[in-house]
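> 3D model of this:
(chains A, B and C)
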Amino acid sequence: MKQMSTMRFGLAAAVSLAVACAAEAQEKVKVGLVLSLSGPPAALGVQAKNGFELALKDLGGKLGGREAEVFVVDDELKPDVAVTKVKALIDRDKVDFIVGPIFSNVLGAIVKPVTDSKVFLVSPNAGSSTLAGRGCNPFYFSTSYQNDQVHQVSGHVAQARGYKKTYLVAPNYQAGKDAISGFKRDYKGEVVEESYVPLNTLDFQSEISKIASMKPDAIYAFLPGGMGVNFIKQYKQAGLADRIPVLSAFTVDESTLPAQGEAALGMFSGSNWAPDLDTAQNKRFVAGYLAAYNAVPASYAFHAYDAALLIDSAVKATKGDVADKQALRTAMLKADFTSLRGDFKFSQNGFPIQDFYLTKVGKRPDGKFETQISEKVFSNYADPYAKDCAATN
Amino acid sequence: MSTTLLLIQILNGLQFGLILFLVAAGLTLVFGVMDFINLAHGVQYMVGAYLAAAFSAMFGSFVLGLAAALPTALVIGLVLELLVFRHLYARSHLDQVLATFGVIVFLTEAARMIWGVEPLSIDVPAALSGSIEIADGVLYPVYRVAIIAAGLGVGLLLYVVVNHTRLGMLIRAGASNAPMVSALGVDIRLLFTFVFGFGAMLAGFAGAMVAPILSVEPSMGDTVVILAFVVIVIGGIGSIRGTFLAALLVGLVDTLGRFVAPALLKLVLDPAAASQTGRAIAPMLVYILMAATLFVRPAGLFPARR
Amino acid sequence: MSDVAVLPEPATPAFDRPGTLVPVVVFGLLALVPLAAPLGGEAYVMSFMTRVVVLALAALSLDLLIGYAGLVSFGHAAFLGIGAYAVGILSAEGVTDIVAQSAVALAVSAAFALVTGAVALRTEGVYLIMITLAFGQMMFFLASALAGYGGDDGMTLPGRSLVLGRDLLAGDRALYYVALAVLGTVYLGLRRLVASRFGRVLAGTRENATRMEAIGFAPFGYRLVAYAISGVVAGLAGVLLANQTGFVSPATMSWQRSGDLIFMAVLGGLGSLHGAILGTVAFLLAEEVLAHFTEHWRIVFGPFLILAVLFARGGLTGLFGRRA
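Now for the predicted structure:
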């Protein structure tokens, strides 16, 4: 019989927890952060969480003039876990907005339950072509970009610089294939190899030997997270860093640079922002982030910071009314706030129309590493899928 | 693919195999002698890498960092043995798998809390940072040669200790019949503690050696430990010789498979389908190798016991 | 020391009739869950509890294998994945009826179990653990390579499956009760199975395979059938899991997930069937409650798992359910 009481205790504990949370303040604007905060890719989720919390601090703890309440949940990078937790945010905590996630497989799992419940989903990281095109949704906004765009930046640069032969390397999964097709959109030279490495490859020595023997004019790498750290360190050790330039996306950024250090110096990436972007707002943001977390912010932090500003501007425009979803969407589409990247507009699909830059890894005066803007590649660039979107106003 | 490139890739495969051997050597020793499945071997490897990174930064030298990391890894291993593992020797393999899984969960989170979520950096020691040109335009990093040397050194050391010392005799005897060794008056518990500590240090050594070429992060042990298990199972649990050969085999299959599989498939399929299928098959190859080995020899290539 | 038993001693001898009180209470409480659901956010509680019931079904299938047949599979998540992908792929191709989806899921699970079992069951002990892991990993990489069906990212399902053309599973409660009914039916079926002649022979092969062989039962055939039954049940759980999540991805069949399933079965107590259900409830509830308090919940969860193995021998049922 003890068993029964244990079961009851367990359920009672879960239920009372839930009740306690639901009972708190009715008047606040509620935002759920759904991010990967544990496991291998936690660094990115933590950046986004820090970025959002910093924004909220800068806004005096308010969104659109109303007190804000933030629920942080860890999606554990498991789609089924994410779905359950998102349902808790919507149903139990009654959130008005959800900011997240970092990873596209979690995005694929939560986008339907969130938007079906008429809760706004603001993504602080790359979005898929489906969501930008035919599958676009009036409740989905992105403060970042559509995946293909950053890859296209590197392809465009490779073409402009007249690289005749390039070698492309990406992990063997969908995002990797998108990366390579994104690069090839503007690049018309010869691709000597499209190399798809197995996910979580540790040792890139054989890849590097192949690159060395093929002698391309440049390589393009899309190797997120730990793979990027391993690849860049080994590339440098093999003596290739000074011979064959590296163009990349998500391979050298402020989340991996502390581990790549000197090895990544001089490597190029495509981006819509960099910590040294010259706007007053951005300077304050980077200084504030450094002071609070002793690290240089990466794009994940910037996108999450902008997500908070976006929500703030929309709630302000509706005078604190979060129940009128139509009015809220109209307000959000206006993007009526000063983004850290400077001005930008939204396309109909909720993705930004913005400038894109080529960035280069450099050393800051304080000895830390960051990406720095090297040149502007596209101006006011809308993603190519927006025209397929039929989201109604 | 040119012959030179093929030869270089074979070298790369052997080198990757030696990294795997460094990790798997401690695992097979503990498994073989104590009949203990230590899933946490991977996090001990991770801890070794973190210690090397932290101490190198503290002393400003990789060699000193390595020298400080090894005894620390040993101490951590012995503490874990005392607190957790010791109570599991007499338990079933299943209990061992589950409890050491708990150790993984705990230590991974602990590393995250101590060192943060962002991967750490550690530079290759200056003396080993150059590279040598082994073919036209193809450079081979000196540090890779150091790893090859370390792998061969550990292999040789284990071979000599296990086959030509009194301690090795006890270890071999313990592996085949522990109660008998105990009955003969040998303190089997002390022997186990020693072997476990040595295994933990080997794991830490492997982690420290790869720290300059790999990303040092809390989950770095996860991928490696599964491959290390594949290696020791193919080699025959408890057999140093089997582990050594299996590690090289797995390294070669994993490295060459990615280049050879699509090339071979092109003989029967059209090029696009061949590269597509080749890419899908490549990561499965080591598992196919393991399944095939066990199908032919259910206890691995060199079964140490029975 | 060389003759290793891979499994811990079960809480009760396998062919003892398991008690009836504990399972009745467990199923009774599970049936009442929807009544309490509105207290904690209905969709959330139902989503969570559906996940519990579905994974309990998978853990139950594993208990048959580990607790009764003495075979540890470290690749059982592959079957969950087969079931889930049967739903995902068929939905994408326009087949949205759960009857057809389940039929395919069960057939493929059975085929996969028979083929891999024929190879894997030649080995024993830790080699069996590793070879099942190998097959699980192969399925993981295969799913990651299915570019047409989401590849590594996985695929969103258009909606829940239909039942004979009708949208019966659309409601959260409906799905929950269907999952619970499946769990109950399978539970009763497996109880009959383990009490049958087949079940006793199976338990006999675990205790002493040589003896069973000597008295005329070839263990291999019995083990293979048990492996196939277990795989089919886990495949069915995969069909339900896909409907619960509305999403299918390779993460469903990661090796960590296989490890979780073993844990659920062991935590509850092997060889009692309802122990697997209790274990799943305890495992997921602990995870959910801890994660609510701190993002560093794993620092508590790890030692919780270690202590459970060290001190709760025989699992939850072993702790206090034995006399029930």
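
> in stretch A:338-355, which residues are buried?
If you call a residue buried by 16 or more other Cβ atoms under 10 Å in any protein chain shown, then stretch A:338-355 has these buried ones: A:339-341, A:344, A:346-355. For the C-beta atoms, the positions are set from N, CA and C on the backbone; glycine is no exception.

> oops, could you answer that again for stretch B:169-176 instead?
B:170-176.

> let me know the closest of these to B:L202.
B:I171 (13.6 Å; Cβ to Cβ).

> mind listing what the closest one touches?
Contacts for B:I171 (Cβ atoms under 8 Å, 6 or more residues apart in numbering or on different chains) come out as B:29, B:33, B:161-162, B:191, B:195.

> likewise B:L11?
Here B:L11 is in contact with B:Y140 (criterion: Cβ under 8 Å, 6+ apart).

> could you rerun that using 10 Å?
Neighbouring residues of B:L11 by Cβ atoms under 10 Å, 6 or more residues apart in numbering or on different chains: A:205-206, A:209, B:134, B:140, B:144, B:148, B:255.

> mind giving me the packing neighbours of the helix or strand C:F140 falls within?
For C:F140, the element it lies in under DSSP states H and E is helix C:125-144. Here helix C:125-144 touches helix B:93-115, helix B:220-235, helix B:271-281, helix B:285-296, helix C:77-92, helix C:98-120, helix C:255-268, going by 3 or more Cβ pairs under 10 Å, 6 or more residues apart in numbering or on different chains; DSSP states H and E.

> how far does that helix sit from its chain's centre?
16 Å (Cα atoms, centre = their mean, to the nearest Å).

> for stretch B:83-92, same thing?
For stretch B:83-92, the distance to the chain centre is 22 Å (Cα atoms, centre = their mean).

> distance to chain B added to the buried residues of stretch A:338-355, as TSV?
Formatted as TSV, these follow (distance: Cβ to the nearest Cβ, whole Å):
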residue	distance to chain B
A:S339	25
A:L340	21
A:R341	23
A:F344	28
A:F346	31
A:S347	33
A:Q348	35
A:N349	30
A:G350	29
A:F351	28
A:P352	27
A:I353	32
A:Q354	27
A:D355	28
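
> of those residues, which belong to strands?
Taking DSSP state E as the definition of strands, these contribute A:346, A:352-355.

> longest single helix anywhere in chain C?
helix C:219-245 (DSSP state H).

> and the residue nearest in space to the middle of chain C, what's its pLDDT?
Nearest to the geometric centre of chain C sits C:A58, at 1.3 Å (Cα atoms, centre = their mean). On pLDDT, C:A58 comes in at 96.

> in which helix or strand would I find the residue of chain C found nearest chain B?
Relative to chain B, the nearest point of chain C is C:G302 (2.9 Å; Cβ to the nearest Cβ). Using DSSP H and E, C:G302 maps to helix C:298-311.

> same thing with A:T166?
strand A:165-171.

> what do you get for B:I132?
strand B:131-135.

> follow-up on the earlier one: buried residues in the strand holding A:T166, which are they?
Neighbour-count burial for strand A:165-171 flags A:166-171 (criterion: 16+ other Cβ under 10 Å).

> distance to C:M264 for those residues - can I get that in JSON lines?
Below are the buried residues of strand A:165-171 laid out as JSON lines (distance: Cβ to Cβ, whole Å):
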{"residue": "A:T166", "distance to C:M264": "49"}
{"residue": "A:Y167", "distance to C:M264": "46"}
{"residue": "A:L168", "distance to C:M264": "43"}
{"residue": "A:V169", "distance to C:M264": "40"}
{"residue": "A:A170", "distance to C:M264": "36"}
{"residue": "A:P171", "distance to C:M264": "31"}
